[in-house]
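J.: Following is a predicted model, sequence given first.
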Protein chains: 2
Amino acid sequence: MSGRLDELQARLLDGDRRALSRVLSWVENGDARGREMLRRLYPRSGRARIIGLTGSPGAGKSTVTNEFAKVCRARGLSVGIVAVDPSSPYTQGAILGDRVRMAELHADRGVFIRSLASRGALGGLSAATQDVVHVLDAYGKDVVLIETVGAGQDEVEIASTAQTTVLVNTPNMGDDVQTLKAGIMEIADVLAVNKADLPGVDRMVSALKALLSLAPDRDWQPPITPLVATKSEGVEQLVDACEAHHAHLVETGRLADAESARARQQIVALARGRVLANLLNEIGEERLSQLSTAVASRSTDPHSAAEAWVGGE
Amino acid sequence: MSGRLDELQARLLDGDRRALSRVLSWVENGDARGREMLRRLYPRSGRARIIGLTGSPGAGKSTVTNEFAKVCRARGLSVGIVAVDPSSPYTQGAILGDRVRMAELHADRGVFIRSLASRGALGGLSAATQDVVHVLDAYGKDVVLIETVGAGQDEVEIASTAQTTVLVNTPNMGDDVQTLKAGIMEIADVLAVNKADLPGVDRMVSALKALLSLAPDRDWQPPITPLVATKSEGVEQLVDACEAHHAHLVETGRLADAESARARQQIVALARGRVLANLLNEIGEERLSQLSTAVASRSTDPHSAAEAWVGGE
């Protein structure tokens, strides 16, 4: 077994895409071999630029990610893309568009794309995403793009594992303050305004500026970059803005702090996942069903049931 | 202390809104008095209709919730509204619109509105939301509406704690398959198409029908209800659709099963929260920082660090 992993490791580090795919599958599924490969590969990670792209549904994140990757490729950088998509029966089938949209990039050997939908891994989707990023980083990708769907807390957490986070907005959301809520403005390092050929782009830029002015003083003022991803317009500027943010992190010494914070977040998520797995093993299905039924029938309450299971705080 | 809680409990059950507010604050903040009050009040819960309203930012969920509440009031039902909003410095301040939008309902003593933004509670936002719903239920609300912002996994989890989940769409999302992803279609019991005076409503209804036809056979076919919440049009039909779903749950005996599933979800979340709190207490800040630094500097990997902390699986 160890010999096979040695060989797989050598092939992966030699750029073999099939070896990479196999390791990523293990990692996503929480396979023990995945953890062993991570242990081996992790020391080789830490060199890639990790850039998160997030924003509301409909903002065109996939197209922006696609164009971002093309600009990176034109600059001679290899690219990994991790598209995070909470598991849905629908997305498995007819509706999954990410791969289709990225068909052009698929043909480029310098790009590796992975759709990450598994929620089964220890520590949840956020920890699994970090593992996948670390493997792509160790594999030698210069840039790893993390595209997250939606604007929930999970997505915020995933985006915050990136060194630089791009929030993708569109002009037709300009009226709608809701799109800028959900904790996402605080983690944005660069504000992209996609579909900038639509009316309302100036109003959207103004709204973003107004929002930024409400923020507590920060030493990095997120730049606002309009673009039309479908026409490849403005993408160079977006990539430049991300570069500028990275330079800022290096200059201020923040990159190391951020790396520790990310490590901490993943360690806690993994520890929580391990403990929960142990808990569920210990209690057994029957006892948990009994507790659930007791709570549902109001013969006990949820907190007392949890305490009966794991003890007091 | 117990005497004070006795008095507070009596006042709450007598309909005192200030007593209710105090208990909800304790519950949200994870205060031990909140858990004690929940233990006392929980046996009195289980009577309210719990309806979740979710959907993408910009769909007009707050307006729909508002109008839904008005229709319930006109039918003689008391209403509790829980607006779930992941904590954001921005939403605390100038941008928070929920309360403003609901000013009219605020004047109605038959309506109680609570914005829930705390993420500090044990078991996370989902468990805290359930606690708040249980208190409003015990307080005597006939209907509790849970409005969730955004479309992330957290929101899906919260929405799934409702007996009936309404997914709010709009016509101008018709082109955008992304809005219907993120695992939300599966949990929708009723599909509302808000802003049905905009062009594209027929196309949106067709798209939803096509999506539903992809779903595995279910014994409940989610109705599609167009409405214009800002003009109070179609809201009666939406409320009726939710009533019909509830009747279906009762007829098929699913209500009890769903209640057990919800109880189970909350027990697991609370158990996980308790265990994590214990873990963080045990390890101490210094040791966790050491592990994080070790991972950040690549002298160990995240999984090995988690294992060093909590042991193997």
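T.: Cool, the structure landed. Numbering: from 1, shown residues only, chains lettered A, B, ... in the order given.

J.: so for stretch A:269-285, what's the average pLDDT?
T.: Across stretch A:269-285, the average pLDDT comes to 83.

J.: try stretch A:169-181
T.: pLDDT averaged over stretch A:169-181 gives 60.

J.: in the stretch 151-300 of chain A, which spans are strands?
T.: A:164-169, A:190-193, A:224-226 (DSSP state E, counting those that start in this stretch).

J.: before we move on, what about the stretch 1-150 of chain A?
T.: A:49-55, A:79-84, A:111-116, A:143-148.

J.: Check what pLDDT A:A256 gets.
T.: For A:A256, pLDDT reads 89.

J.: Can I get the strands of the stretch 1-150 of chain A in TSV including mean pLDDT, distance to chain B and mean neighbour count?
T.: Every residue, glycine included, has its C-beta placed from N, CA and C. Output for the strands of the stretch 1-150 of chain A, formatted as TSV (pLDDT from 0 to 100; distance: least, Cβ to the nearest Cβ, whole Å; neighbours: other Cβ atoms under 10 Å in any protein chain shown):
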stretch	mean pLDDT	distance to chain B	mean neighbour count
strand A:49-55	91	10	26
strand A:79-84	91	10	25
strand A:111-116	88	12	21
strand A:143-148	92	9	28
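
J.: With distance to B:V268 added, can I get those strands in JSON lines?
T.: Conversion of the strands of the stretch 1-150 of chain A to JSON lines gives the following (distance: least, Cβ to Cβ, whole Å):
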{"stretch": "strand A:49-55", "distance to B:V268": "28"}
{"stretch": "strand A:79-84", "distance to B:V268": "23"}
{"stretch": "strand A:111-116", "distance to B:V268": "23"}
{"stretch": "strand A:143-148", "distance to B:V268": "25"}
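
J.: Would you mind writing the CA trace of stretch A:257-272 as CSV?
T.: The C-alpha trace of stretch A:257-272 is given here as CSV (Å, rounded to 0.1, in the frame of the first residue of the first chain):
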residue,chain,number,x,y,z
ASP,A,257,-1.0,35.9,9.7
ALA,A,258,-3.7,35.0,7.3
GLU,A,259,-2.1,31.6,6.7
SER,A,260,-2.2,30.9,10.4
ALA,A,261,-5.8,32.0,10.7
ARG,A,262,-6.7,29.7,7.8
ALA,A,263,-4.8,26.8,9.3
ARG,A,264,-6.6,27.4,12.6
GLN,A,265,-10.0,27.4,10.9
GLN,A,266,-9.3,24.1,9.2
ILE,A,267,-7.8,22.5,12.3
VAL,A,268,-10.9,23.4,14.3
ALA,A,269,-13.2,22.2,11.6
LEU,A,270,-11.4,18.9,11.3
ALA,A,271,-11.3,18.4,15.0
ARG,A,272,-15.0,19.1,15.2
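
J.: For A:S2, the count of nearby residues, please.
T.: Here the number of neighbours of A:S2 (other Cβ atoms under 10 Å in any protein chain shown) works out to 7.

J.: again with A:G46
T.: Around A:G46 there are 14 other residues, counting by other Cβ under 10 Å.

J.: how close does it get to chain B?
T.: Distance of A:G46 to chain B, given as Cβ to the nearest Cβ, to the nearest Å: 6 Å.

J.: excluding its backbone neighbours, what's nearest that residue?
T.: B:R298 (5.6 Å; Cβ to Cβ, 6 or more residues apart in numbering or on different chains).

J.: Can you report how many residues neighbour A:L211?
T.: With other Cβ under 10 Å as criterion, A:L211 counts 18.

J.: repeat for A:V205
T.: Other residues close to A:V205 by other Cβ under 10 Å number 19.

J.: In terms of pLDDT, where does it sit?
T.: 88.

J.: From A:L212, how far out is it?
T.: Noted for A:V205: a distance of 11 Å to A:L212, by Cβ to Cβ, to the nearest Å.

J.: does the longest helix seen in chain A come close to chain B?
T.: Identified as the longest helix of chain A according to DSSP state H is helix A:254-296. Yes. Contact of helix A:254-296 with chain B (Cβ under 8 Å from any Cβ of the partner chain) involves A:256, A:259-264, A:266-268, A:270-280, A:288-289, A:291-293, A:295-296.

J.: can you give me how far the helix or strand that that helix is followed by is from the chain middle?
T.: Next helix or strand after helix A:254-296 toward the C-terminus (DSSP states H and E): helix A:302-310. Per Cα atoms, centre = their mean, to the nearest Å, the displacement of helix A:302-310 from the mean C-alpha position of its chain is 33 Å.

J.: near chain B, anything from helix A:302-310?
T.: Yes. Contact of helix A:302-310 with chain B (Cβ under 8 Å from any Cβ) involves A:P302, A:H303, A:S304, A:A305, A:A306, A:E307, A:W309, A:V310.

J.: For the fourth one, report the pLDDT, please.
T.: If I follow you right, that is A:A305. pLDDT, read off for A:A305, is 94.

J.: How many residues are close by it?
T.: By other Cβ under 10 Å, neighbour count at A:A305 equals 24.

J.: In this structure it contacts A:S289, no?
T.: No. Counting by Cβ atoms under 8 Å, A:A305 stays clear of A:S289, with 11.5 Å between them.

J.: ok so, going back, just the residues of helix A:302-310 next to chain B now: which is nearest B:R75?
T.: Nearest to B:R75 out of the residues of helix A:302-310 next to chain B is A:P302 (Cβ to Cβ; 30.2 Å).

J.: just for chain A, where's the confidence low?
T.: Applying pLDDT under 70 to chain A picks out residues A:1, A:57, A:85-104, A:117-123, A:149-156, A:173-185, A:215-217, A:312-313.

J.: now the residue lying closest to A:R75 once chain neighbours are set aside: how far from A:A192?
T.: Nearest residue to A:R75, sequence neighbours excluded (Cβ to Cβ, 6+ apart): A:V239, at 7.7 Å. For A:V239, the distance to A:A192 equals 11 Å [Cβ to Cβ].

J.: Neighbour count for the two, which is higher?
T.: It is A:A192, of A:V239 and A:A192, that has more neighbours when counted by other Cβ under 10 Å, with 30 against 24.

J.: Show me what the nearest residue to the more buried one once chain neighbours are set aside bridges to in the sheet.
T.: The shortest distance from A:A192 to any non-neighbouring residue, by Cβ to Cβ, 6+ apart, is to A:V168 (4.8 Å). A:V168 has these beta-bridge partners by DSSP bridges: A:G55, A:A192.

J.: What separation do you get for A:V168 and B:I81?
T.: Distance from A:V168 to B:I81, counting by Cβ to Cβ: 31 Å.

J.: how close does A:I50 get to A:S62?
T.: Remark: distance between A:I50 and A:S62 (Cβ to Cβ) = 18 Å.

J.: next one: A:N278
T.: Counting by Cβ to Cβ - A:N278 and A:S62 are separated by 38 Å.

J.: ok, these two, which is more surrounded?
T.: With neighbours defined as other Cβ under 10 Å, A:N278 and A:S62 compare such that A:S62 has more, 22 against 15.

J.: ok, that one touching A:A83?
T.: Yes. Taking contacts as Cβ under 8 Å, A:S62 lies within contact range of A:A83: 7.3 Å.

J.: got the contact list for A:A294?
T.: Shown in contact with A:A294 (Cβ atoms under 8 Å, 6 or more residues apart in numbering or on different chains): A:T300, A:A305.

J.: again, 10 Å this time
T.: A:T300, A:D301, A:P302, A:S304, A:A305, A:A308, B:S260, B:A263, B:I267 (Cβ atoms under 10 Å, 6 or more residues apart in numbering or on different chains).

J.: okay if I get those as a markdown table plus distance to B:S2?
T.: Shown next, in a markdown table, are the contacts of A:A294 (distance: Cβ to Cβ, whole Å):
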| residue | distance to B:S2 |
| --- | --- |
| A:T300 | 20 |
| A:D301 | 17 |
| A:P302 | 21 |
| A:S304 | 17 |
| A:A305 | 22 |
| A:A308 | 21 |
| B:S260 | 31 |
| B:A263 | 27 |
| B:I267 | 26 |
